[in-house]
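In: Build me a model:
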Amino acid sequence: MGLTKLRNIGIAAHIDAGKTTVTERILFYTGINRKVGEVHDGQATMDFMKQEQERGITIASAAISCEWKKNKVNIIDTPGHVDFTVEVERSLRVIDGMVAVFCAVGGVEPQSETVWNQADRYRVPRIGFVNKMDRDGANFTEVVALMNKYLDANAIAFQLPMGAEDHFDGIIDLIENKAYVFEEDNRKVIEIPAEFQESASVAREEIIEKLADYDDELMELYLDEKEISIELLKKVARKATLKLMITPVFTGAAYKNKGVQLLLDAVVDYLPSPIDIGATIGTDIDDSEKTISRNPSPNEPFSALAFKLINDPYVGQQTFIRIFSGSLKSGMPIMNTTKGKKERIGRIFKIHAKDREEIKEAGPGDIVALIGMKATKTGDTLCDMDNLLYLENIHIPPAVIELKITPTQRKGQTKLSQALAKLSNEDPSFNARYDRETEETVIAGMGELHLEIIVDRIKTEFGVEVEVGAPGVSLRETITDETTSNYIHKKQSGGKGQFAQTVIRIEPNEGNGFEFIDKIKGGVIPQEYIPSVRKGIEKVLKDGIIAEFPVVDVKVTLLDGKFHAVDSSDMAFQTCAAICFKNGFKQAGPVLLEPVMKVEINTPDDFIGNVVGDMNKRRGKIDSMRRYRKGSQKLNGFTPLMEMFGYATQLRNISSGRANYSMEFHQYMPVSAKVQAEVLKELAEKNAK
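Out: Numbers count the residues shown, from 1 in each chain. So this is what the prediction gives:
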């Protein structure tokens, strides 16, 4: 099967839009499953984690291979809940095309917008699928209009539903100009019923008119009012979709087995193969300005990106990779350029959700799991030993919420440490640290649900019973002013002494993280001690200075210093730089930063006053309102995360249970002087105990 017959697709959407149900139906119709698994009874193939089955949501993106009309389709089903946004992010980095699923009732919901923006970042061609046409309040035309209004999708309906809700009887294919009805597991082609002929004719004319903008031949035929072939329409539509100029939209009701085969046809017709995507661009490992391209060919040097790690109880750690070029064979040595370490390929598996099939070789476009990788983590580049390059990494959002956890039995600490190491390996948006002073383990993640799932997995998968403290917010420290700091580190207590001097300039570096610049001239600090200066400062960044929170967005320039031929050492310069940086940081207007969340609230008109008033009390700001449905509004705004604990209960109370909300991380922003004083006072009291 050639590369033109391969599709690597992701299925993504807002929670509850029906992504996993769509995937289950695809697996049924492509022959992977003999019976259909359901989300609501915990039998979905793609939701094989215990936590997914209990909650009826997708947590980890699962990869699966199937075939449709002699095309191989690799599907990655992704979570819709905002707490697992990193799963969507890493899937989008390695897929070629995306099916964006929308609920025919809910329309364009908050996470739909997040996923859409993520897909824009990676320039992923996509098609839309308006699901749940059988539900009360389903409105296909409205959803297409919302896609254009809020996503700027240039969405074009390639199908029309025949009816809606209880009267959703079938689907009109506007390109092929025919209709389908669905009986049990089969679709049946019929003539377009008389009552839909006029609307179908108008909609088809609109498609032709829009597509004519993207192709001269089609434009000519359209202007001359000549017959336009289905093949030409599909060819032009495919070209426009691949260039991200249009989003073809399809419809159905996956739960009722309506429209899924037609969606599979659309995946093959309009989404790209690795050949369509073309060369993958990387950078030279010695010169970041120099680009290197790799074509999707088995004859090119091997290159791949690791995008996911899973700990499997039977085979150990599985490292999922997407191969962009070349071939991979068992036993082959490769280079991890991100870590600068060699790896040797052990076993290679094709994955069918929780089942696996061992293969000896994989090629361009393949998504496979490797067993036996030692150093490779999410986002690492793997490549041929003699042809090194870096591929674009995966964007990992910061962890914003923290929990303190303690094993109920003292002997459980070692098991807990091992569990946390494995979990943070799997999930780069989760991290853990151990506070030796308080003897507490602090875990940090993307949201309350994210950490709830982590704790659940610690208990069930790793068998460690833990007590959980109240959630807290993960703050950061930074500076607002520029200052120069000079420090001499001198110790003489018998034997070899310690001596180092550093002069550094510290300045704000908003949004750009930590930056270190060496401006030493004339060897006043020998070259071998420059990395020691950086290392000393980096150690301090992790632990914080004014309130024990990590330091971010600071630029440090090493200006001057002194050394001693006998008493200077790596450790002397590390210690000197750390104290020098701490002293300067305290003089540079230090401030605390807090995570601010983008919040979207759907509320009936009657409760808008209550909702806005409550938001104001939480230091929140509503910056836009828009009509959601008749009698309801969507409120968009920004609120500090520390004010949002318990909000779900409060929102239910002030809206008689009729409003709902979602939120996602927006950015870190300075806290007010009052809040900063409260945090520092609380910390001082804790340390005094």
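In: From here on, just use CA atoms for contacts and neighbour counts.
Out: OK.
In: Following element in sequence after the helix or strand bottoming out on mean pLDDT in the chain, please.
Out: One helix or strand of the chain scores below all others by mean pLDDT, DSSP states H and E: helix 50-55, with a mean of 39. As assigned by DSSP states H and E, the chain's next helix or strand after helix 50-55 is strand 62-68.
In: Tell me the helices and strands packed up against that following strand.
Out: On a contact count with 3 or more CA pairs under 8 Å, 6 or more residues apart in numbering; DSSP states H and E, strand 62-68 meets strand 71-77, strand 347-352.
In: Go through these and pick out the most buried.
Out: Greatest average neighbour count among those goes to strand 71-77 (a mean of 23), per mean count of other CA atoms under 10 Å.
In: picking that back up, relative to Ser485, which of the helices and strands packed on strand 62-68 is closest?
Out: Taking CA to CA, strand 71-77 is the member of those nearest to Ser485, at 51.4 Å.
In: which other residues reach the closest one?
Out: 1, 5-12, 19-20, 23, 46, 61-67, 91, 268, 367 (CA atoms under 8 Å, 6 or more residues apart in numbering).
In: Just the buried ones from these?
Out: 5-12, 19-20, 23, 46, 61-67, 91, 268, 367 (16 or more other CA atoms under 10 Å).
In: got the contact list for the nearest residue to Lys415 once chain neighbours are set aside?
Out: In this structure, Lys415 finds its nearest non-sequential neighbour in Val464, 6.8 Å apart by CA to CA, 6 or more residues apart in numbering. For Val464, the contact set (CA under 8 Å, 6+ apart) comprises Pro407, Gly412, Lys415, Leu416, Ile458.
In: Remind me what the lengthiest strand in the chain packs against, helices and strands.
Out: Counting by DSSP state E, the longest strand found in the chain is strand 590-604. Helices and strands touching strand 590-604, by 3+ CA pairs under 8 Å, 6+ apart, are strand 476-479, strand 632-640, strand 660-670.
In: quick one: contacts of whichever helix or strand comes after that strand?
Out: Counting by DSSP H and E, the next helix or strand C-terminal to strand 590-604 is helix 608-617. Defining contact as CA under 8 Å, 6+ apart, one finds that helix 608-617 is touched by Lys621, Ile622, Thr639, Leu651, Ile654, Ser655.
In: mind redoing it with 10 Å?
Out: By CA atoms under 10 Å, 6 or more residues apart in numbering, the residues outside helix 608-617 that reach it are 601-603, 618, 620-622, 625, 632-635, 637-639, 643-644, 647, 650-651, 654-655, 659.
In: what about the residue lying closest to Met219 once chain neighbours are set aside, distance to Ile156?
Out: Distances taken as CA to CA, 6+ apart place Ala212 nearest to Met219, at 4.4 Å, with adjacent residues excluded. Taking CA to CA, to the nearest Å as the measure, Ala212 and Ile156 are separated by 13 Å.
In: who touches both of those two?
Out: Counting by CA under 10 Å, 6+ apart, the common neighbours of Ala212 and Ile156 are Glu206.
In: show me the contacts for Asn295.
Out: Neighbouring residues of Asn295 by CA under 10 Å, 6+ apart: 274-275, 277-281, 301, 303, 324-326, 364.
In: Now for the residues you listed: which two are most distant?
Out: Ile277 and Pro301 (17.7 Å).
In: These two - which one has more neighbours?
Out: In this view Ile277 and Pro301 are compared by other CA atoms under 10 Å, and Pro301 has more residues nearby, 20 against 17.
In: is it true that that one touches Ile292?
Out: No: Pro301 is beyond contact range of Ile292, at 11.4 Å (criterion: CA atoms under 10 Å).
In: gap between Ile11 and Lys256?
Out: 19 Å.
In: do the same with Ala179
Out: For Ala179, the distance to Lys256 - CA to CA - is 17 Å.
In: between the two, which one's more packed in?
Out: When neighbours are counted by other CA under 10 Å, Ala179 and Lys256 differ, and Ala179 comes out ahead with 23 against 17.
In: and the next element down the chain from the helix or strand where that one lies?
Out: Applying DSSP H and E as the criterion places Ala179 in strand 178-183. Once the chain leaves strand 178-183, the next helix or strand it forms, by DSSP H and E, is strand 186-190.
In: List the contacts of that next one.
Out: For strand 186-190, using CA under 10 Å, 6+ apart, the contacting residues are 29, 170-172, 178-182, 257-262.
In: Among those, which one sits closest to Phe581?
Out: Using CA to CA, these come closest to Phe581 at Val260, 60.1 Å.
In: give me the number of residues near the closest one?
Out: 26.
In: ok, it - contacts?
Out: 22-26, 28-29, 129, 131, 187, 250-254, 266.
In: In the residues you listed, find the pair that's most separated.
Out: Phe28 and Phe250 (19.2 Å).
In: quick one: which of those two has more around it?
Out: More crowded of Phe28 and Phe250, by other CA under 10 Å: Phe250, with 28 against 19.
In: is it true that the more buried one touches Pro161?
Out: Yes: at 9.0 Å, Phe250 and Pro161 qualify as touching, with contact defined as CA under 10 Å.
In: shared neighbours, those two?
Out: When CA under 10 Å, 6+ apart defines a contact, the residues bordering Phe250 and Pro161 alike are Val130, Phe140, Ile171, Ile172, Asp173, Gly259.
In: nearest to Glu482, of those?
Out: Relative to Glu482, the closest of these is Val130; by CA to CA it sits at 53.2 Å.
In: Tell me if the closest one really is in a helix.
Out: No: counting by DSSP: H, G, I helix; E, B strand; the rest coil, Val130 is located in no helix; its state is strand.
In: Share the number of residues neighbouring it, please.
Out: Neighbour count for Val130, taken as other CA under 10 Å: 28.
In: Quick check: it touching Ala155?
Out: No: Val130 is beyond contact range of Ala155, at 11.6 Å (criterion: CA under 10 Å).
In: intersection of neighbour lists for these two?
Out: Val143, Val144, Val249.
In: thinking again about what came up before, and the helices and strands packed on strand 590-604 as CSV, adding mean pLDDT, distance to Gly97 and mean neighbour count?
Out: What follows is these, written out as CSV (pLDDT from 0 to 100; distance: least, CA to CA, whole Å; neighbours: other CA atoms under 10 Å):
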stretch, mean pLDDT, distance to Gly97, mean neighbour count
strand 476-479, 93, 37, 25
strand 632-640, 89, 29, 20
strand 660-670, 84, 24, 18
